[in-house]
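In: structure for this input, please:
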Amino acid sequence: MRTGILSRKALITGGSNGIGCAIAKKFSSENFRTVIADIKNTETDEENIFFCRADVSRSSDIDHLFKYTTETIGDPDVLVINAGRGIQELLTEGDPEKWQEVININVMGALRIIRAFVPAMLEKKQGNVVFISSVSANQPHPSGGIYSASKTALEVIAETLRLETLPHINVTVISPGITNTKFFENQISGHTSVEGLDMGFISPEDLAEDVFYAISRKNNRSINKIITRPLKQIF
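Out: As a prediction, the model looks like this:
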């Protein structure tokens, strides 16, 4: 069922599958026109979803994404910063080049999207920026230092953006627990699996509902953080 939010425009990074794809489909069902930016091609039957091949770690790709997005749907009202990769390596044994790749995507990719798209929101004095973080933020654990650090940095960036854009931009951090996606399969390194953790999982669609709830609040309210975990998850 469609709500009263009509013809809004959104950009989602990392939206070819999993959480980003679920958010795009939710937005489409609510009559958003949405651009998905990802390094993987995606096909959809949704008439309101458009795909742009872009690697958020590359400045030239961000330039292309900006041009494609503004020409296709106009300036986005909603940014969902979702692109990211996981990694599990000990700090004393891992590969710094792989660590740099994670930082470039998870942190610098978010900063590049902010720098490209938020100024137009500020000119209009309205907009929503949603950061897909993780319960791993601020949770040091063996082999998880690089990923946790990247998500901790992301949440600091989110709060800084909120302060710098008051009172015009709504900034929300969504911190998922174990989610039934291909996240672990797509890690740069590591052998964890959803099944191996044995604590249950939430679905990407659950998180899409969280995102839509956050950006739909009115009456001068801003939802700044949502944490969603399976009931059995202990961290």
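
In: got the contact list for the most centrally placed residue in the chain?
Out: Per C-alpha atoms, centre = their mean, the C-alpha nearest to the average position across the chain is that of Asn82, at 1.7 Å. Residues near Asn82 by C-beta atoms under 8 Å, 6 or more residues apart in numbering: Ile12, Thr13, Gly14, Gly15, Ile19, Gly20, Ile23, Ile132. To be clear about C-beta, it is placed using only N, CA and C from the backbone, and glycine gets the same treatment.

In: in stretch 162-182, what counts as buried?
Out: 162, 165, 169-181 (16 or more other C-beta atoms under 10 Å).

In: from start to finish, how long is that stretch in a straight line?
Out: 30 Å (C-alpha to C-alpha, to the nearest Å).

In: rounded mean pLDDT for that stretch, please.
Out: Averaged across stretch 162-182, pLDDT comes to 97.

In: show me where this protein has strands.
Out: Under the criterion DSSP state E, the chain contains strands at 9-13, 33-38, 49-53, 78-81, 127-132, 169-176, 225-228.

In: out of the ones you listed, nearest to Thr92?
Out: Nearest to Thr92 among these is strand 169-176; the distance by C-beta to C-beta comes to 27.9 Å.

In: just the buried positions in the helix or strand of the chain with the lowest mean pLDDT, please.
Out: Ranked by mean pLDDT, DSSP states H and E, the weakest helix or strand in the chain is helix 194-197, scoring a mean of 94. Using 16+ other C-beta under 10 Å as the test for burial, helix 194-197 gives Val194, Leu197.

In: helices or strands up against it?
Out: Using 3 or more C-beta pairs under 8 Å, 6 or more residues apart in numbering; DSSP states H and E, no helix or strand is in contact with helix 194-197.

In: what's around the nearest residue to Phe66 once chain neighbours are set aside, how many residues?
Out: Nearest in space to Phe66, with sequence neighbours left out and distances taken as C-beta to C-beta, 6 or more residues apart in numbering, is Ala116 at 4.9 Å. By other C-beta atoms under 10 Å, 19 other residues sit near Ala116.

In: now the chain, which segments are flagged as low pLDDT?
Out: Residues of the chain meeting the criterion pLDDT under 70: 1-6, 43.

In: list the contacts for Glu89?
Out: Asp95, Lys98, Trp99, Ser143, Ile146, Ser189, Gly190.

In: give the contact list for the second one.
Out: What that stands for is Lys98. Going by C-beta under 8 Å, 6+ apart, the list of residues near Lys98 reads Ile87, Glu89, Ile188, Ser189.

In: re the thing from before, so how far is Tyr213 from the residue nearest to the centre of the chain?
Out: As judged by C-beta to C-beta, to the nearest Å, Asn82 and Tyr213 stand 16 Å apart.

In: then Thr228?
Out: In this view, Thr228 and Tyr213 are 11 Å apart by C-beta to C-beta.

In: please apply the same query to Ser203.
Out: 15 Å.

In: follow-up on the earlier one: make TSV out of the contacts of Glu89 and add distance to Leu207.
Out: Compiled in TSV, the contacts of Glu89 are given as follows (distance: C-beta to C-beta, whole Å):
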residue	distance to Leu207
Asp95	30
Lys98	26
Trp99	26
Ser143	24
Ile146	23
Ser189	25
Gly190	21
